[in-house]
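Participant: My questions concern the predicted model and sequence given below.
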Amino acid sequence: MFTPYEHQEEFAKRNPKKYLVGFDTSLGKTYTSLSWVVKNDLRDILVITLKTLQDQWRDEVEEHAPGRNIQVVSKEFFRDKWPKDKHINALIIDEAHWVASKTSGLHKKVVRYLAKHKVEYRLLLTATPILASGSMNIYALATVLGYKLSLPKWREVFQHQVPIYIAGGRKIMDWQDKTDPATEARLLKYIWKIGTMIKKEDVFDIPPQVTRLHWIEYSDELREKIKEEVDGEVEAIVLWTKIHRAEQSVKMAHVTDLMKKYDRIMLVVKYTSDLEIYKELLAGYENLYVMSGKTKDRGDLLKEVIDKPKYIFLVNSAISEGYELPHTEAVIFITLDFSFKNFYQMPGRAFRVNKPSPTDIHIVVTRGGSDENVYKSLKDKKSFSAKMFIKKKERREQSRS
């Protein structure tokens, strides 16, 4: 049994019946929710999660909360096949941002089902409670938790109407989130009324997530290789592709040295074309697995990988959510994604606070190359993102006021 961390102990002391668990990716939402099940001696529980996470949830249930009739189903199964008359005593929704739209069929079915069966215990787990719809995401999640809210009043407090003109001069009204600091503070206070939002930066007792930046210099060898690749090319896109491929072949020598230190490795690349480049460069390695946006049976692939004593998992960075490989010892970013969300979420596929050993993060960047500007952009986005969250102490003070 794991020793809980401070943020998990705080949740256990509060022991709510209905709660939004907004822990950041990798901060132990699954373990926290199953500890809650045991503490409250709950049985006949439904867990709704993603297809790719069902098996891992079942393993966690067997380890931390066996013998309690916990059924784990996908969101699609619940929406299309779950019997509406089947009674449960508690509901846990993992990746709960999938029910954060009040107009979605899944949201409507969940709300009706919970009301019909008067389910008293409800947990919503998500690292991203606020999505594109802003305050309306919180409204939708609060209604799943059973809060009776007036939509007109909610809009009055958190949103304003903006006139929009379309062809023909017709005027329509659209609802937009207010952006003034006072409104943002009210929304944050409401989130802390129904749940919590904890970022990794707020937690100081978890195992260190060591991140190392590796600069690859433009050596004479690299310059010569690029010259060989691009001689005679005149079209810009072809020229860029040739340079990019030459950079990867030189990076591979450094990545190969890093890989010697670990048995279970996740290699992250941005482009689908990079997957082909590295499949070719890694062709001699055993237990090489590749996952892209085109991979149909991701669950089967992950099941094959997860218990291997050694593996190299090559993945497109766009697939940054909805699966876990908690035994991974190192995540190596070889080419970088412009999306800060993907860059931020990807290490969470491997780094989990309630696993025995930490995960090292490596970022390989060619100085002066095509990915240096991408890395600088990601650093700027991280700085901006950090300003969007109030520090832990201030959050607590606001939640108590």
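Facilitator: The structure has been received and is ready for your questions.

Participant: I'd like the domain boundaries of the protein, if you could list them.
Facilitator: If you go by automatic domain parsing, the domain ranges for the chain are 6-204, 211-386.

Participant: Can you report how many residues lie near Glu95?
Facilitator: Glu95 has 19 neighbouring residues, counting by other Cβ atoms under 10 Å. C-beta coordinates here come from the backbone N, C-alpha and C atoms, glycine included.

Participant: quick one: contacts for the closest residue to it other than its chain neighbours?
Facilitator: Nearest residue to Glu95, sequence neighbours excluded (Cβ to Cβ, 6 or more residues apart in numbering): Leu50, at 5.6 Å. Under the criterion of Cβ atoms under 8 Å, 6 or more residues apart in numbering, the neighbours of Leu50 are 74-75, 94-95, 322-323.

Participant: TSV please, covering those and showing secondary structure.
Facilitator: TSV is the format used below for those (DSSP: H, G, I helix; E, B strand; the rest coil):
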residue	secondary structure
Ser74	strand
Lys75	helix
Asp94	coil
Glu95	coil
Gly322	coil
Tyr323	coil
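
Participant: Name the member of those residues with the shortest distance to Ser26.
Facilitator: Minimum distance to Ser26 across those is 12.8 Å, recorded for Tyr323 (Cβ to Cβ).

Participant: how far away is the closest one from Met291?
Facilitator: Distance, Tyr323 to Met291, using Cβ to Cβ, to the nearest Å: 8 Å.

Participant: Which neighbours do the two have in common?
Facilitator: Arg298.

Participant: Where among the domains of the chain is average confidence lowest?
Facilitator: Mean pLDDT is lowest for domain 211-386 among those, at a mean of 81.

Participant: Widest-spaced pair of the contacts of Leu50?
Facilitator: Based on Cβ to Cβ, the longest span within the contacts of Leu50 runs between Lys75 and Tyr323 and measures 14.6 Å.

Participant: Please name the residues that touch Gly322.
Facilitator: 50, 52-53, 95.

Participant: farthest-separated two in those residues?
Facilitator: The most widely separated members of the contacts of Gly322 are Thr52 and Glu95, with 10.0 Å between them, by Cβ to Cβ.

Participant: okay if I get the contacts of Leu50 as JSON lines plus distance to Lys376?
Facilitator: Shown next, in JSON lines, are these (distance: Cβ to Cβ, whole Å):
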{"residue": "Ser74", "distance to Lys376": "39"}
{"residue": "Lys75", "distance to Lys376": "37"}
{"residue": "Asp94", "distance to Lys376": "35"}
{"residue": "Glu95", "distance to Lys376": "31"}
{"residue": "Gly322", "distance to Lys376": "29"}
{"residue": "Tyr323", "distance to Lys376": "29"}
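
Participant: Going by distance to Asp297, which of the contacts of Gly322 wins?
Facilitator: Thr52 (9.8 Å).

Participant: If His160 is in a bridge, with which residues?
Facilitator: Judged by DSSP bridges, the bridge partners of His160 are Gln176.

Participant: my guess is it meets Asp180, correct?
Facilitator: No - here His160 lies out of contact with Asp180, judged by Cβ atoms under 8 Å, at a distance of 9.6 Å.

Participant: out of these two, which sits in the more crowded spot?
Facilitator: Each of His160 and Asp180 has its neighbours counted (other Cβ under 10 Å); His160 has more, 13 against 9.

Participant: Let me see the contact set for that one.
Facilitator: 175-176, 178.

Participant: cool, Tyr113 as well?
Facilitator: By Cβ under 8 Å, 6+ apart, the residues touching Tyr113 are 82, 84, 119.

Participant: looking at this, the last one is in a strand?
Facilitator: Spelled out, it's Val119. No - read with three-state DSSP, Val119 is coil and lies in no strand.

Participant: Pretty sure it sits against Asn89.
Facilitator: Yes - if you go by Cβ under 8 Å, Val119 and Asn89 touch, sitting 7.0 Å apart.

Participant: Grab the nearest non-local neighbour of Ser357.
Facilitator: Spatial nearest neighbour of Ser357, chain neighbours left out: Glu329 (7.1 Å); criterion: Cβ to Cβ, 6+ apart.

Participant: show me the contacts for the one you found.
Facilitator: Counting by Cβ under 8 Å, 6+ apart, Glu329 makes contact with 262-265, 357, 359-360.

Participant: And the buried ones among these, selectable in PyMOL?
Facilitator: Selecting only the buried entries of the contacts of Glu329 in PyMOL, with 16 or more other Cβ atoms under 10 Å as the criterion:
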select buried, resi 262+264+265+359+360
